[in-house]
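Novice: Give me coordinates for this.
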Amino acid sequence: MFRITASLKEPVRYSAIREAVLKTSIRFPYFGVSLGTGIFWHFLELNDQLPRIQAEEEIPCTAFAVNRKNEPLYRVLIKGKRISVEFIHILTDGAGALEYLKSLLYTYLTLTGKQISTSGEIILPAMPLSGEEYEDGYNKFFQKLPSPSKISRSWHLPFELNKSPKLRVLRAEVAVDEILEASRKHKVSVTEYFTAVYFFSLQNIFISEIERSNKEKRKVLRIEVPVNLRKIFPSKTMRNFTLFVQPEIDMRLGTYTLEEIIRSVHLQMQLSTDIKQISRFLSSNVSYEKLLVVRILPLIIKKMIISVVYNKVVSKRLTGLVTNLGLVTLPGEMNDLVDYLEIIPPPPNPKVKVNTGLMSYKGKLRICFSNITQSRELERQILKQLSDTGIHVKILNND
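Specialist: Numbers count the residues shown, from 1 in each chain. Purely as a prediction, here's the structure:
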């Protein structure tokens, strides 16, 4: 589950948002699906139900009742001046959800009488539907390739988990120009620079924990960074089309300066996102579902195996996650009607504990931390490090 939010200049009008959801959702029929259960697989089945329109919940990204008949796998939330959409990741990724939200915003604003002279590249309800929007990008670009190297388990933050409700969100904001200046100084992207700062902050906590405890600790710090495959492969799919790169630093080699981490993250991410390397990850992901033994295995057994593999292996490979939707622009008059945009990443699992989402809009980079622990130390370390490098940080209230 993840959430993308737009905050407007005026309070949201329910009657207009209801009509906007109707018009927009008809244009995105591939999102109008519910989760079906067969003998061998779960599957997505089309239905004509609209997404729920509901008041924004205090805790974001709460689970869907996926077994409810004809329940769409996304919803629209409103509160005050905010319009949000929440999607299950199996339906689409951040890029696909953002296209839906932009279309919804344009339709809503025009329904409320706002004059918008140009729609730019926004998908509008009247636009013809392209078959490419439906395509399964993973299978389209699949080719049988050698699997990437297996990765070891990583170190995890030592913080105690929250009791219910577990998830807390902390928001912060920095000037795009300032973080761009810091990134360009090292000739890296904003994602690479922020990921390096994240690593440096994790390293500080790791060292502090080692000094406090004599217990043997895993020494690899690893961050997962989603990659929008539409920027690598020629696809216009609106379905989920994301893979992940996983830069790491090995603390057995000693401590690292920020400059060393920046250089290492840049090189690892450049190599991992090369089309030949990313194709290996795509091949590995798709290959499993093509195996005969997997295809004929009953779903109930598949679910048990997947649960064990995830809990015992997959969830323990990562220390953190950084997802960056990049710079978002809105056309013409829409820019003056939308105050800010943000993404709240999927709630972390009990091993990773903190996930981070970034989005840039109107000269501001908005940072959202999803945290399920009792500590804010990681956020404090990251924001302090940004501040120490000359980037002005504004911590926002969680309204």
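Novice: for Val294, helix, strand, or coil?
Specialist: Secondary structure, DSSP: H, G, I helix; E, B strand; the rest coil: Val294 is helix.
Novice: ok, it - how many residues close by?
Specialist: 14 (other CB atoms under 10 Å). Just so you know, the C-beta spots here come from the backbone N, C-alpha and C atoms, and that holds for glycine as well.
Novice: Next, find the distance separating it from Phe40.
Specialist: When distance is defined by CB to CB, to the nearest Å, Val294 is 9 Å away from Phe40.
Novice: Kindly report the same for Glu333.
Specialist: 51 Å.
Novice: Skip ahead from the helix or strand bottoming out on mean pLDDT in the chain and say which helix or strand is next.
Specialist: Sorting the helices and strands of the chain by mean pLDDT, DSSP states H and E puts helix 292-295 at the bottom, at a mean of 73. The helix or strand immediately downstream of helix 292-295 is helix 299-312, counting by DSSP states H and E.
Novice: Would you mind writing the CA trace of that following helix as CSV?
Specialist: In CSV, the C-alpha atoms belonging to helix 299-312 read as follows (Å, rounded to 0.1, in the frame of the first residue of the first chain):
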residue,chain,number,x,y,z
LEU,A,299,-2.4,-21.8,-4.3
ILE,A,300,-2.7,-22.8,-0.7
ILE,A,301,0.7,-24.3,-0.8
LYS,A,302,2.2,-21.5,-2.8
LYS,A,303,1.0,-19.0,-0.1
MET,A,304,2.6,-21.0,2.7
ILE,A,305,5.9,-21.3,0.8
ILE,A,306,5.9,-17.6,-0.1
SER,A,307,5.2,-16.6,3.5
VAL,A,308,8.0,-18.7,4.8
VAL,A,309,10.5,-17.4,2.2
TYR,A,310,9.5,-13.8,2.8
ASN,A,311,9.7,-13.9,6.6
LYS,A,312,12.9,-16.1,6.8
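Novice: can you pull out the strands in the stretch 251-399 of the chain?
Specialist: Along the stretch 251-399 of the chain, counting by DSSP state E, counting those that start in this stretch, strands occupy 320-327, 338-344, 354-361, 364-371, 393-396.
Novice: And the contacts of the shortest one?
Specialist: It refers to strand 393-396. Contacting residues not belonging to strand 393-396 are listed as 170-174, 383, 386-387 [CB atoms under 8 Å, 6 or more residues apart in numbering].
Novice: what lines up beside it in the sheet?
Specialist: Strand 393-396 pairs in its sheet with strand 168-175 (antiparallel), by DSSP bridges.
Novice: next SSE after the strand it pairs with?
Specialist: As assigned by DSSP H and E, the chain's next helix or strand after strand 168-175 is helix 176-185.
Novice: What residues sit buried inside that next one?
Specialist: The neighbour-count check on helix 176-185 (16 or more other CB atoms under 10 Å) flags 176, 178-180, 182-183 as buried.
Novice: now it against strand 168-175, angle please.
Specialist: 80 degrees (axes from the mean of the first three to the mean of the last three CA atoms, to 10 degrees).
Novice: Return the distance of helix 176-185 from the chain's centre.
Specialist: Relative to its parent chain, helix 176-185 has a centroid offset of 22 Å by CA atoms, centre = their mean, to the nearest Å.
Novice: Pull out the buried positions in stretch 222-237.
Specialist: Within stretch 222-237, the residues that qualify as buried are 222-230, 232-233, 235, 237, counting by 16+ other CB under 10 Å.
Novice: Out of the residues you listed, which sit inside strands?
Specialist: Judged by DSSP state E, the subset of these located in strands is 222-228.
Novice: Show me the two of the contacts of strand 393-396 that sit farthest apart.
Specialist: Arg171 and Ser387 (15.8 Å; CB to CB).
Novice: Mind checking which of the two has more residues around it?
Specialist: Arg171 (18 against 12).
Novice: Measure how the stretch of helix or strand Ser208 belongs to sits relative to strand 354-361, angle-wise.
Specialist: Using DSSP H and E, Ser208 falls within helix 190-212. Relative orientation of helix 190-212 and strand 354-361, computed by the same axes, to 10 degrees: 150 degrees.
Novice: Which elements pack onto helix 190-212?
Specialist: When contacts are defined as 3 or more CB pairs under 8 Å, 6 or more residues apart in numbering; DSSP states H and E, helix 190-212 packs onto helix 176-185, strand 220-228, helix 258-272, strand 320-327, strand 354-361, helix 377-388.
Novice: Let me know the pLDDT of Ser164.
Specialist: Here, the pLDDT recorded for Ser164 equals 77.
Novice: Give me the neighbour count for it.
Specialist: Counted with other CB under 10 Å, Ser164 comes out at 6.
Novice: Can you classify it as helix, strand or coil?
Specialist: Ser164 is classified as coil under three-state DSSP.
Novice: quick one: it and Arg13, what's the gap?
Specialist: The gap separating Ser164 from Arg13 is 34 Å, by CB to CB.
Novice: Relative to Ala65, how far out is Tyr35?
Specialist: Wrong residue type there; residue 35 is Leu, not Tyr. In this view, Leu35 and Ala65 are 10 Å apart by CB to CB.
Novice: should've said Arg280
Specialist: 37 Å.
Novice: Pick out whichever of these two has more residues nearby.
Specialist: Legend: neighbour count by other CB under 10 Å for Arg280 and Ala65, higher for Arg280 (18 against 8).
Novice: May I ask you to confirm that that one is in contact with Lys144?
Specialist: No. At 10.4 Å, Arg280 does not count as touching Lys144 under the criterion of CB atoms under 8 Å.
Novice: So which residues of the stretch 51-200 of the chain form helices?
Specialist: For the stretch 51-200 of the chain, the helices defined by DSSP state H, counting those that start in this stretch occupy 94-111, 137-140, 176-185, 190-212.
Novice: Where does pLDDT dip in the stretch 151-300 of the chain?
Specialist: The model of the stretch 151-300 of the chain has pLDDT under 70 over residues 214-217.
Novice: which residues sit in contact with Tyr340?
Specialist: Residues near Tyr340 by CB under 8 Å, 6+ apart: 6-7, 361-362, 364, 366.
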